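S.K.: just the structure for this:
(3 chains)
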Amino acid sequence: MKKRRLQAALLVVLLTSLTLTGCWDRVEINDLAFVLASGFDITEEGMFRVAVQVPLPGAMGGAGSGGGGGGTGGDKSFYVDSGIGRTIRAANEDLQKRMSRQLFFAHQRVVIVGEELSRKGINPILDNITRIPQSRLTNYLLIAKGDALDILNADPHLERVPAEAIREIAKMGLEHDLKSFLYEYRRKGMDPIAPVVEVVQTQNKAADGQKPEVEIKHIGIFKRDKLQFITDARETNGILWMEQRMSGKSMTFPIDKNQDATINITGQSFKLDHRVHNNQPEFLIYLTVKGTVLENLSHLNLEKPQTYNHIENVMNQAIESQIKSILHKTMEKGIDTFGLGLHLYQMENRLWNEKWKHRWREILPDLRVTVKVDSHLERVGNVGKDPGEEEES
Amino acid sequence: MKTRISNLQLTLLTANFITASTLLVMPQAYLDLSLQNTWFVPFLWFLLTTLLITTAFVGWNKIETLDFQSDETRSSRTGQKLLAILMILFLMFILIRDLRAFTDFTGTALLELTPQPVIIFTSLICLLYLVWLGFEVIARFNDIYFSLLFIIILFLPLLLLNEIDMAKLLPPLQINAVPSILQTTFVGLAWVGELVIIFLFVGNVQPKSDVRRSVIWGVGLAVIFIFILLGSIISVLGSTLARYTVYPSYILVRQINITDFLDRLDLLVVSFWIPAIFSKMALTFYGIHRSFNMLFGTDTKIFLVPLALIIGFLSMMMFGNNISHFYFSIYVWSTLGLLLEILIVAVFMWIVRKERLAQSRDG
Amino acid sequence: MGLSKMKKGTDPLTIDQNIERNIEKNEEFLRALFTDSTDLIFRTFSIEGVKALLVFIDGMVDTKSIQFHALMHMLTRADSMQLNLQNVKNQMNSISSVNETKKMKETVSHILDGNCILLVDRLDHAIVFDAKGGERRSVSEPESEAAIRGPREGFTENLRVNTSLVRRKLKSQHLKLKSMKLGEHTKTSLAIMYLEDVASSQLVEEVTRRLEKVDIDGVLESGYIEELIEDNPWSFFPQIQHTERPDTVAANLLEGRIAILLDGTPFALIIPTTFWQLIQASEDYYERFHISIFLRWLRLIFIAIALFLPALYIAVTTYHQEMLPTSLLLSVASSREAIPFPALIEALIMEISFEALREAGVRLPKTIGQAVSILGALVVGQAAVQAGIVSAPMVIIVSITGIASFTIPRFNLAISIRLLRFPMMILAAILGLYGILIGLILLTAHLCKLRSFGVPYLAPVAPLTLHEMKDIFIRVPWWSMKYRPKHVAGQNLERENTQFPSPKRTLRSSKKSRTKGENRK
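M.R.: Sure thing, here's the model as predicted:
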């Protein structure tokens, strides 16, 4: 009995001592500035300029905030500020000095790197992002055309915070997150890619309709951690084909005397195969594509089987040329965007280690890659014929 | 009343003892060595451990009882005392190391600014309470949390389905990877071999004849557990990325992403993992406590509080930073631990043999 | 006055003495003993000139049956018979249960029990007519354990009625009933009921032994006994289940448990009790098993919510903001923008006022109770949110927690959970999620430690017994419930031998089972 009382007393003392001391990590939700997106640039002196985009909870219009609203009102629902430092963290600290709330990175979903910094190498950013426990590998890593800071200042209409808009657009496109980037970067025999985000004006003739919007249209090609070039529309499509991200998107190409048709891609499969010939690898890229007709500006009658075959053939060529354009361009520069080397590592491990690993970038431009596309049109939509076709009675 | 657990409980205790700390430090070291082939290593451990257990239990069924707690055991006191000393040394290392690994993890994932002594202190309160309540309670506690954790691990590949990329497992088991696989097997053997702690408790298991099978089942469960975990880590993160991180298991559960809305389940999964870790630490602590009683032939809880304090201090002092801790856990422990484990098995076999001789002389 | 007379008397009776042959002395003694007890009736009359006396307490005895079955017989039929004990007892009345006693002490206790005593001059025995009666509440629907499907009868305050309710459900000679009286002043009758061929005899012995050790002045409710005989008196958790439903008692007896029924309360105790029993309702076994499984999971989830949700809210908003999805976090942050209190204080304010509301509602008459809940929940809650004193998410959290604690079928478990919520909240405020985990670990360790009459409280989950899981997280259909729970029932584990109810199977297997049955004979 006595022992038990002693036990209880001890426990009480311990617990109370805890309550007296506790709460080192406690931060109320309203003392935090949730960084939703960061932008990294490099200044002329070679310092990092790190910009953050922070939503203003008071302006987010939560149900219960009708009465108060705090001191954080304003017309915009977010604000952007940046700091400068020798490291990224130092830049953050610089910024923190004029923020009343603590920067909190766990909700960061988008990381944007300015073009200039990307060309110099983004290794320092990768180190910072992966080292702190707050940030996640599910972030989207994007390259800005121009300065990252400008992207953060864009004000898309459909979402309250630009970061959310950028994330949604990035997800629809390449869906290439930090994890994929890191994997490609760290793997020997593969070079990473990242989507390019840019600011465009709303295409609206009304005077007050001009607002900066964000757009993701191109893809940046890296060699190790350095941005090499930004793709054009054709090359972008080529990458999307190779990354199997074309389903649900559409492609437009002339099917008859410069008269175009738009095909909606409903499904695709992709296979990378290789052969070793004279100790030299050869690759075969095999693609099957399924699609339906969305729009037909030619006067071809889609009810005829020959037309089907014709469209499929044209489509095959179009896709092949898209893929080849980016494939050759990267390979010529010694960039292995599509992981051909990784494929050899996985499939021909011994030869890779012995023969190719060490001079892979030199071999790369001379490799033979065959692209074979096999498309199938599955449906033509609700109408078969050209609407302007004259009725034969 | 005599402490008693069932064979199923023994199985779960064994499995938990091997697997609980996978959150903290284990997989990274192995991934570092044998990359995408690491998933194969658990099966080698299973073979070796089964061999070890089968050897250890030679002659086990010929003796009637072996209870280190009571005086019924007639074998020499020396054997028991030797076993106790070895166990104390062995379990102290394990507990100090695990406690430190746990505090480091908590400091990284849960409470960044909270001073380490506070976390160690609170953990020790929990451990003290569990140990105070005794072996049966620890076994029951373990039943609940290991089962929960195991179910979650079984569902882990399902939760990560859209992240899994089987190509990351390639190339599988190429010839030139054999040395690295064997190396990993050796480095990890001391970890899996930690199950020798159950030799302290085999006397409490009813019915006694199934003990060997239960332990092997336990190792089997643990192997399935580690296999699924390693398989998911490699196929989701890829071995290159996994070895780059300090806590691959934690990074793995961070990838769970069911919809855009439910992509932050990591701490929830961790909340099921931490009680399992506590269950392991409590069993270790209880083992130390019982070994002390075996050594002095007493039955008292007077050692507990001073022991807890010593362990707390040592886990703070022994490792200057988490790199030295990491170094100890992987490289020092793989030889030191294995050595101690082999000694413990040897002493145990010796006790069983003496006991058998004594009992057959009487019978 | 009577007492002083007795003290002065030359041969005063003491209560330990036997009944005197002289009726005057007996009467004098009784009158002295029960002085100032106006509800005691002394009815003197004479049988063939011999003085006789009926003593009983008004209101506890069925006066009509005394009138017609005792008084009338004795006054009219006495002439033909010799006036001795046997005749008075066996022939001169038509009461169904008649006893005699020689001891004064027993006589007194019979009177207090509500029996009627007949004293006849020259007989040194008191004759006891069991004609208990008087106004009692009749059997009605159990209010604390309402069910949509299932018997509508509940226990009353009368022990005999209660035992008969159980007996009517279990018509078995194996149903045993041990009686006992507890309480120096209340002398409360108590019955230990069990099925002899199922319950373990050690358990019965243990229960009897613990009850015998009870030494208290009064027992007014089974809650007294519960606290006096449980294994871990300090624990937050109820280790003995109580129920108002005879069918619940019968079902538990069939599983090998023991029931203690107490006079004066409609709540019977069931021993031993496990944690899982407390989250199961009787209807789980009456409705189709699919819904039972669903409901059991629902309850488990809501127990977790009732225990952890406020704590989790505190931990998430003050420590682990990364756990919330971004959009949700931003809306929480925006509604908390104007709130002056830290999350813990906010949560405590709301939780405590919710508990107060509930307490106020329980004790008040139904009509006023409604007004209280409207005032409290709607008016005050709404105003507090609008005035920026508490945030809307907090109100939602507290309401869900409140609802969650109502989903627990047993009120006594719900109380424990309600109380434990507060330490969890404080731990969460000190150490965040880690604090909650500390709380969880200590709590589980405690639950693992608990035993109810030797049965581990969390059995069969901890210690894990796989084949006993049929009635914990799921409820298997009745045709599959082949065995009694092994951790409770001591013997006779087989419960049924029903085939899977399907016409095809029945045809095929009827032959087999018949031959099997013959073999067994």
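
S.K.: for the rest of this, base every contact and every neighbour count on C-alpha atoms.
M.R.: Noted.

S.K.: residue in the stretch 151-300 of chain A nearest to chain B?
M.R.: A:Tyr183 (5.9 Å; CA to the nearest CA).

S.K.: contacts only, for that residue.
M.R.: B:237-238, B:240-241 (CA atoms under 8 Å, 6 or more residues apart in numbering or on different chains).

S.K.: dump the residues you listed into JSON lines; add neighbour count and secondary structure as well.
M.R.: JSON lines is the format used below for the contacts of A:Tyr183 (neighbours: other CA atoms under 10 Å in any protein chain shown; DSSP: H, G, I helix; E, B strand; the rest coil):
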{"residue": "B:Leu237", "neighbour count": "25", "secondary structure": "helix"}
{"residue": "B:Gly238", "neighbour count": "26", "secondary structure": "coil"}
{"residue": "B:Thr240", "neighbour count": "21", "secondary structure": "helix"}
{"residue": "B:Leu241", "neighbour count": "22", "secondary structure": "helix"}
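
S.K.: chain neighbours aside, what residue packs nearest to C:Asn84?
M.R.: Spatially, and ignoring its direct neighbours in sequence, C:Asn84 is nearest to C:Leu123 (7.3 Å; CA to CA, 6 or more residues apart in numbering or on different chains).

S.K.: and that neighbour, how many neighbours?
M.R.: Close neighbours of C:Leu123, defined as other CA atoms under 10 Å in any protein chain shown, add up to 18.

S.K.: how about the strands in the stretch 101-250 of chain A?
M.R.: A:102-104, A:110-113, A:140-144, A:193-201, A:212-223, A:226-230, A:250-256 (DSSP state E, counting those that start in this stretch).

S.K.: quick one: the helix or strand containing B:Ile233 near chain A?
M.R.: Using DSSP states H and E, B:Ile233 sits within helix B:211-237. Yes - Helix B:211-237 is in contact with chain A by CA under 8 Å from any CA of the partner chain, via B:Leu237.

S.K.: what comes up buried for that helix?
M.R.: B:211-212, B:214-237 (16 or more other CA atoms under 10 Å in any protein chain shown).

S.K.: report all helices and strands that that helix contacts.
M.R.: helix B:7-19, helix B:41-56, helix B:135-159, helix B:239-242, helix B:248-254 (3 or more CA pairs under 8 Å, 6 or more residues apart in numbering or on different chains; DSSP states H and E).

S.K.: distance of the closest residue to chain C within the stretch 51-200 of chain B from B:Leu127?
M.R.: Here the stretch 51-200 of chain B gets closest to chain C at one residue, B:Arg140, 4.5 Å apart by CA to the nearest CA. According to CA to CA, to the nearest Å, B:Arg140 stands 15 Å off from B:Leu127.

S.K.: out of those two, which sits in the busier spot?
M.R.: Between B:Arg140 and B:Leu127, counted using other CA under 10 Å, B:Arg140 has the larger neighbour count: 29 against 26.

S.K.: okay, now C:Glu212: neighbour count?
M.R.: That count, for C:Glu212 with other CA under 10 Å as the rule, works out to 13.

S.K.: and it, what's its pLDDT?
M.R.: The confidence metric pLDDT takes the value 92 at C:Glu212.

S.K.: any idea how far it lies from C:Ser189?
M.R.: Taken as CA to CA, the span from C:Glu212 to C:Ser189 is 13 Å.

S.K.: and what of A:Gln134?
M.R.: Distance from A:Gln134 to C:Ser189, by CA to CA: 66 Å.

S.K.: over to B:Ala222?
M.R.: 56 Å.

S.K.: what's the closest non-adjacent residue to residue 204?
M.R.: No chain in the question, so chain A it is. A:Asn204's closest residue in space is A:Gln210 (CA to CA, 6+ apart), at 6.4 Å.

S.K.: switch to chain C, that's the one I care about
M.R.: Nearest non-adjacent residue to C:Val204 (CA to CA, 6+ apart): C:Ile258, at 7.3 Å.

S.K.: quick check: domain ranges of the chain?
M.R.: Picking chain A for this. A:30-57+A:74-230, A:242-386 (automatic domain parsing).

S.K.: correction: the question concerned chain C.
M.R.: Using automatic domain parsing, chain C is parsed into the domains C:2-129, C:159-273, C:289-455.

S.K.: so C:Thr265 makes contact with C:Tyr224?
M.R.: No - in this structure, C:Thr265 is not within contact of C:Tyr224 by CA atoms under 8 Å, at 11.2 Å.

S.K.: neighbour-wise, which of those two wins?
M.R.: Looking at C:Thr265 and C:Tyr224 with other CA under 10 Å, you find the greater number of neighbours at C:Thr265, namely 19 against 12.

S.K.: alpha carbons only: can I get stretch B:40-57 in CSV?
M.R.: Extracted in CSV, the C-alpha atoms of stretch B:40-57 (Å, rounded to 0.1, in the frame of the first residue of the first chain):
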residue,chain,number,x,y,z
PHE,B,40,16.2,-10.7,-51.0
VAL,B,41,18.3,-10.4,-47.9
PRO,B,42,15.4,-11.1,-45.4
PHE,B,43,15.1,-14.6,-46.8
LEU,B,44,18.8,-15.3,-46.1
TRP,B,45,18.3,-14.1,-42.6
PHE,B,46,15.4,-16.4,-42.2
LEU,B,47,17.5,-19.4,-43.2
LEU,B,48,20.4,-18.5,-40.9
THR,B,49,18.2,-17.6,-38.0
THR,B,50,16.2,-20.8,-38.3
LEU,B,51,19.5,-22.7,-38.2
LEU,B,52,20.5,-20.8,-35.1
ILE,B,53,17.2,-21.4,-33.3
THR,B,54,17.1,-25.1,-34.2
THR,B,55,20.6,-25.5,-32.8
ALA,B,56,19.8,-23.6,-29.7
PHE,B,57,16.8,-25.7,-28.9
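
S.K.: would you mark the buried spots in it?
M.R.: For stretch B:40-57, by 16+ other CA under 10 Å, it's B:40-46, B:48-50, B:53-54, B:56-57.

S.K.: and the pLDDT at C:Ile374?
M.R.: In this model, C:Ile374 carries a pLDDT of 78.

S.K.: part of a helix, is it?
M.R.: Yes - when classified by DSSP: H, G, I helix; E, B strand; the rest coil, C:Ile374 is found to be part of a helix.
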